[in-house]
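**Q** here are the coordinates; sequence isn't available:
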């Protein structure tokens, strides 16, 4: 890999531009706990349903770029474990150790196969996930806990049932204006974002820093149809076309991001993946995962990019 071959740089957001350990990851567990308590209290009271290892395993399968899909799968596995009289953590690990990258479809099929008496169809009907209007119990609870009352009402024009501040306020911003200015010396305005977040969510955390990116060529997948979700490469291809890029460096932190870049390249849009491993609670496990998958550029943090790409610190 040669740094001078790239004419654009495109970033994922969560785990790359923003450390979401105390925001999105916490929201996943709080939502699972709330949904299980609401549906099955007092039989299923769980404080931290998914460990850090399990969260990383979900994101390592290639099929769980959406945190709400992880939440749904966690709820489903806990319900299944209760019905099957199994340890929920062991059941979830069994599911993930055999995952094929198809996300919630795989989880549903796996639970059907291990015990036909689980009645997955009945459970799916009860949860009604994913609903087109995002008003099902899991979607609504997750969004209300994450965004908080004020931002939730601004985005969805609905009142939140929770009064606590949104967990989005726990976002820890990694990217700096100085970093983007340093990268502009090489890429000019060919710096964009392709993220699972919506524009409202990312602008709430990045604030004025977001304006330093090429927003017109960026893609915010929460605001797009579900079938465009990573690792569908069309979002990255759209961003590259908008930037008029022939060869981009895509900077992400998950297997979905890696697959996204690979699929774009297979379709004739040259994209090299850079894996970021430093944010989160199990960085060495993520670093090992990238190495095992022969990721061409593996960095602890995006703050190392100027040294690698232009030999100049911000």
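**A** Sure thing, it's come through. Just so we're clear, the structure is a prediction, and the values are computed from it rather than from any experiment. Numbers count the residues shown, from 1 in each chain.
**Q** burial measure for residue 16, as a count.
**A** Residue 16 has 25 neighbours, counted by other Cβ atoms under 10 Å. Backbone N, C-alpha and C define where each C-beta goes, glycine included.
**Q** let's number from 29 now, not from 1
**A** Happy to do that; since the first residue is 29 now, the last one works out to residue 44.
**Q** Regarding it, what is its secondary structure?
**A** Assigned by DSSP: H, G, I helix; E, B strand; the rest coil, the conformation of residue 44 is coil.
**Q** Kindly check the end-to-end length of stretch 122-136 for me.
**A** Distance across stretch 122-136, first residue to last, is 13 Å (Cα to Cα, to the nearest Å).
**Q** Now do the buried residues in the helix or strand of the chain with the lowest mean pLDDT.
**A** Here the helix or strand of the chain ranked lowest by mean pLDDT, DSSP states H and E is helix 148-155, holding a mean of 80. Residues 148, 151, 155 are the ones in helix 148-155 that count as buried (16 or more other Cβ atoms under 10 Å).
**Q** And for it, what's in contact with it?
**A** Here helix 148-155 makes contact (Cβ atoms under 8 Å, 6 or more residues apart in numbering) with 67, 100, 103-104, 107-108, 136, 139-140, 164-166.
**Q** Which one of those sits in the busiest neighbourhood?
**A** Neighbour counts for the contacts of helix 148-155 (other Cβ under 10 Å) peak at residue 100, which has 28 neighbours.
**Q** and it, what helix or strand is that in?
**A** Assigned by DSSP states H and E, residue 100 falls within helix 95-112.
**Q** Can you check what angle separates that helix from helix 148-155?
**A** Between the axes of helix 95-112 and helix 148-155, defined by axes from the mean of the first three to the mean of the last three Cα atoms, to 10 degrees, the angle is 130 degrees.
**Q** Would you mark the buried spots in helix 95-112?
**A** Across helix 95-112, burial judged by 16+ other Cβ under 10 Å covers 95-109.
**Q** Work out the gap between it and the centre of the chain.
**A** In terms of Cα atoms, centre = their mean, to the nearest Å, the centre of helix 95-112 is set 18 Å apart from its chain centre.
**Q** Could you pull up the mean pLDDT of it?
**A** Here helix 95-112 scores 92 as its mean pLDDT.
**Q** What helices and strands are in contact with it?
**A** Judged by 3 or more Cβ pairs under 8 Å, 6 or more residues apart in numbering; DSSP states H and E, helix 95-112 is in contact with helix 52-68, helix 80-87, helix 116-125, helix 132-142, helix 148-155, helix 165-184.
**Q** To residue 33, which of those lies closest?
**A** Residue 33 sits nearest to helix 80-87 of all the helices and strands packed on helix 95-112, at 28.3 Å, using Cβ to Cβ.
**Q** angle of the closest one against helix 132-142?
**A** With the same axes, to 10 degrees defining the directions, helix 80-87 sits at 110 degrees from helix 132-142.
**Q** Residues touching helix 80-87, excluding its own?
**A** With contacts defined as Cβ under 8 Å, 6+ apart, helix 80-87 is touched by 53, 56, 78, 92-93, 98, 101, 117, 120-121, 124-125, 282-284, 308-310, 313-314.
**Q** if you set the cut-off to 10 Å instead, what comes out?
**A** Outside helix 80-87, the residues within contact range by Cβ atoms under 10 Å, 6 or more residues apart in numbering are 42-43, 49, 52-53, 56-57, 78-79, 92-93, 95, 97-99, 101-102, 105, 117, 120-121, 123-125, 127, 131, 135, 281-285, 308-311, 313-314, 317.
**Q** Distance from that helix to the middle of the chain?
**A** 12 Å.
**Q** For this protein, which residue occupies the most central location?
**A** residue 93 (4.0 Å; Cα atoms, centre = their mean).
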